[in-house]
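Participant: Task: produce atomic coordinates for the following.
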Amino acid sequence: MEKGVPIANLFGDEQKWLGKTVIVQGWVKTRRDSKAGVCFIEVNDGSTLKGLQVLAEEDKNYAGLLAKVTTGSAILAEGVVSASPGKGQRIELRAERIHLYGSADPATYPLQKKRHSFEYLRQIAHLRPRTNTLGAAARVRSRLSFAIHQFFQLRGFHYIHTPIITASDCEGAGEIFRVTTLDPTRPLAGGVSEDPYRGDFFARPAFLTVSGQLQAEIFALALGKVYTFGPTFRAENSNTSRHLAEFWMVEPEMAFHDLGDDLEVALAFIRHLVEVVLNECEEDVEFFGRFIDSELPARLQNAAKSSFEVITYTDAVDILKRSREGFVYPVEWGIDLQAEHERYLTEKVFGGPAAIIDFPRALKPFYMRVNDDEKTVAAMDILVPGTGEIIGGSQREERLEMLLEQMRLKGIPADDYRWYIELREFGSAPHSGFGLGLERLVQFVTGIPNIREVIAFPRTPGHAEF
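Facilitator: Numbering: from 1, shown residues only. Purely as a prediction, here's the structure:
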């Protein structure tokens with residue numbers, strides 16, 4: 001098959017391509033016919049936000065095809081790259097040949113030249129990447145994913161793959177999806193007294209992972225610094241703009257790192273990712289600033305350059321209690337901070353990102369290291385304006401007796417985590433880590449308000465299409 005030049009390459013060095021004959025392949029965004037017998041076709045191939053204007057003339061040998069070249073059609077256009085007299089574009093393609101790969105009936109093609117609501121576009125998730133907003137979000141997400149690997153690989157981390165199907169619930173909250181091959185319509189042969197998992201595939205309860213952290217700790221206590229990056233799942237009946245049932249998590253784990261070291265890596269990580277977006281996704285950031293969130297460019301510049309304010313949970317609660325904001329969720333020491341509290345701190349108090357450390361022991365999972373006051377744990381949350389929490393992490397509890405006490409208090413069966421306990425019996429060492437949700441990161445750097453628009457196929461309560 002003939003190969004075309006990505007449109008992004010043409011716009012990237014316009015002088016280089018002027019006067020040259022090239023092939024472009026893509027989808028028709030719009031077409032307009034003039035009285036002079038010229039058809040102006042905007043073609044986009046997804047490599048860039050901008051479409052390339054193709055001039056097709058009715059007296060060429062492809063004229064019979066032009067009636068079928070409608071919005072949504074996939075075409076090949078070959079011609080000379082020329083200077084364009086039109087506004088907002090410096091080059092265009094004067095077509096000498098056009099090939100129609102696939103037509104689109106204008107009467108039924110659901111993407112027309114108008115702004116569609118995000119709610120409508122979710123119903124056609126197989127076509128919504130062709131829109132400017134969703135296409136730009138996908139490009140930014142792709143570049144961020146590569147930048148994540150770059151950050152850790154350049155700092156000596158090893159990339160590991162933790163299981164998608166697991167027998168452990170890292171968070172201990174019970175919001176997990178079960179994995180089974182049992183037929184729910186067929187009762188067990190031996191009745192209710194029979195082991196319900198005896199005939200199941202794994203012969204024991206199994207779930208989709210909520211986090212790869214516990215397994216990553218295994219490798220951190222062998223390789224030093226590791227990270228995992230993959231899908232995670234929460235059976236949480238939440239319909240907010242920040243929650244999904246399936247999302248991607250980045251989770252580094254580092255041996256011989258305390259909470260301060262953990263925080264230092266996390267802040268460097270955030271700055272690196274923001275700088276990549278600012279430097280390498282300029283066109284898309286400009287688009288989001290124009291059409292989604294006018295404050296986005298300034299907010300990203302601030303996150304890349306400013307120092308992150310670091311305060312304790314106790315101080316954060318005091319600030320919130322002294323404020324005169326009418327919070328929906330009242331503030332008292334011991335509560336889990338809500339999105340409205342996080343946004344108030346970052347947007348009204350600090351005017352930028354912030355990190356909160358030393359959370360109440362009762363709020364956090366069993367694996368977090370208990371501080372000397374025995375009331376708090378060495379945990380951290382990093383908050384950013386517009387989104388709230390973007391990173392959560394902690395120093396892990398490396399002391400055997402304290403870990404067992406934590407498990408007892410949280411109701412975690414020790415027998416189910418024998419392997420985790422043995423990590424504290426055989427060469428235990430201080431170690432720390434954190435988790436970053438990729439979708440919330442994409443929300444932050446694009447300004448897109450709903451998390452459903454930053455993942456290809458959102459999974460939420462009652463929705464598992466495609």
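Participant: Secondary structure class of the residue of the chain most remote from its centre, three-state.
Facilitator: In terms of distance from the mean C-alpha position of the chain, D59 ranks first, at 48.5 Å (Cα atoms, centre = their mean). Assigned by DSSP: H, G, I helix; E, B strand; the rest coil, the conformation of D59 is coil.
Participant: Please enumerate the helices of the protein.
Facilitator: Assigned by DSSP state H, the helices in the chain fall at 7-12, 14-17, 118-122, 132-153, 213-223, 259-280, 282-291, 296-305, 313-322, 339-343, 400-410, 418-425, 438-446.
Participant: Now do the buried residues in the third one.
Facilitator: Taking 16 or more other Cβ atoms under 10 Å as the basis for neighbour counts, the residues of helix 118-122 that come out buried are L121, R122. To be clear about C-beta, it is placed using only N, CA and C from the backbone, and glycine gets the same treatment.
Participant: average pLDDT for it?
Facilitator: Average pLDDT, helix 118-122: 95.
Participant: Repeat that for the last one.
Facilitator: When pLDDT is averaged over helix 438-446, the result is 97.
Participant: Could you tell me the end-to-end distance of stretch 50-70?
Facilitator: For stretch 50-70, the separation between the terminal residues is 18 Å (Cα to Cα, to the nearest Å).
Participant: and the helices of the chain, which is most packed in?
Facilitator: Highest mean neighbour count of these: helix 438-446, a mean of 24 (counted as mean count of other Cβ atoms under 10 Å).
Participant: And the contacts of that helix?
Facilitator: Under the contact criterion Cβ atoms under 8 Å, 6 or more residues apart in numbering, helix 438-446 has outside partners 136-137, 140-141, 144-145, 148, 242, 244, 247-250, 273-274, 277, 281, 284-285, 288, 292, 296, 300, 303, 384, 386-387, 389-390, 448-449, 451, 454-455.
Participant: Quick one: work out the angle between that helix and helix 296-305.
Facilitator: 110 degrees (axes from the mean of the first three to the mean of the last three Cα atoms, to 10 degrees).
Participant: how long is stretch 3-19 from one end to the other?
Facilitator: 19 Å.
Participant: distance between it and the chain's centre?
Facilitator: On the basis of Cα atoms, centre = their mean, to the nearest Å, stretch 3-19 sits 30 Å off its chain's mean C-alpha point.
Participant: swap in stretch 28-45?
Facilitator: On Cα atoms, centre = their mean, the centre of stretch 28-45 falls 35 Å from that of its chain.
Participant: Quick one: end-to-end distance for that stretch.
Facilitator: Terminal residues of stretch 28-45 lie 9 Å apart, using Cα to Cα.
Participant: Buried ones in it, by neighbour count?
Facilitator: By neighbour count with 16+ other Cβ under 10 Å, stretch 28-45 contains the buried residues V28, K29, R31, C39, I41, E42, V43, N44, D45.
Participant: Which residue is the nearest non-sequential neighbour of the fourth one?
Facilitator: What that stands for is C39. With Cβ to Cβ, 6 or more residues apart in numbering as the criterion, C39 has its nearest non-adjacent residue at 4.3 Å, and that residue is A56.
Participant: Report the contact partners of the one you found.
Facilitator: Counting by Cβ under 8 Å, 6+ apart, A56 makes contact with V38, C39, F40, I41, Y62, L66, V69, A77, A95, I98.
Participant: Those in strands, which ones?
Facilitator: Within the contacts of A56, residues falling in strands by DSSP state E are V38, C39, F40, I41, A77, A95, I98.
Participant: Next, format the residues you listed as TSV and append distance to V442 and pLDDT.
Facilitator: Listed next are the ones in strands among the contacts of A56 as TSV, based on distance: Cβ to Cβ, whole Å; pLDDT from 0 to 100:
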residue	distance to V442	pLDDT
V38	40	94
C39	37	95
F40	34	96
I41	31	97
A77	32	97
A95	36	96
I98	36	97
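Participant: coming back round to it: the residue farthest from the centre of the chain is in contact with C39, isn't it?
Facilitator: No. In this structure D59 lies outside contact range of C39 using Cβ atoms under 8 Å: 11.3 Å.
Participant: Give me the distance between E280 and L144.
Facilitator: Using Cβ to Cβ, to the nearest Å, E280 is found at 10 Å from L144.
Participant: before we move on, what about T240?
Facilitator: In this structure, T240 and L144 are 22 Å apart, going by Cβ to Cβ.
Participant: what does R452 give?
Facilitator: R452 sits 18 Å away from L144, going by Cβ to Cβ.
Participant: P360 now?
Facilitator: From P360 across to L144, the span is 32 Å (Cβ to Cβ).
Participant: G462 now?
Facilitator: Distance from G462 to L144, by Cβ to Cβ: 29 Å.
Participant: returning to what we had before: of the buried residues of stretch 28-45, which pair is most distant in space?
Facilitator: Farthest-apart pair in the buried residues of stretch 28-45 is C39 and D45; separation 18.8 Å (Cβ to Cβ).
Participant: Run a quick neighbour tally on E389.
Facilitator: Neighbour count for E389, taken as other Cβ atoms under 10 Å: 18.
Participant: contacting residues around it?
Facilitator: Contacts for E389 were tallied using Cβ under 8 Å, 6+ apart; they are A339, E342, D381, I382, L383, R440.
Participant: for R143, same thing?
Facilitator: Going by Cβ under 8 Å, 6+ apart, R143 touches V276, V277, E280, C281.
Participant: Quick check: of those, which lies closest to A429?
Facilitator: Of all the contacts of R143, V276 has the smallest distance to A429: 32.1 Å, by Cβ to Cβ.
Participant: Just want the phi and psi numbers for the residue farthest from the centre of the chain.
Facilitator: The phi/psi pair for D59 (degrees, to the nearest 10) reads phi -100, psi 10.
Participant: Which pLDDT value does the model give it?
Facilitator: In this model, D59 is scored at 86, pLDDT.
Participant: Could you do E342 as well?
Facilitator: Here, the pLDDT recorded for E342 equals 95.
Participant: repeat for P330
Facilitator: Note on P330: pLDDT of 94.
Participant: what's the closest of the contacts of R143 to R130?
Facilitator: Of these, the one sitting nearest to R130 (Cβ to Cβ) turns out to be C281, at 18.7 Å.
Participant: neighbours around that closest one, how many?
Facilitator: A count of neighbours around C281, defined by other Cβ under 10 Å, yields 21.
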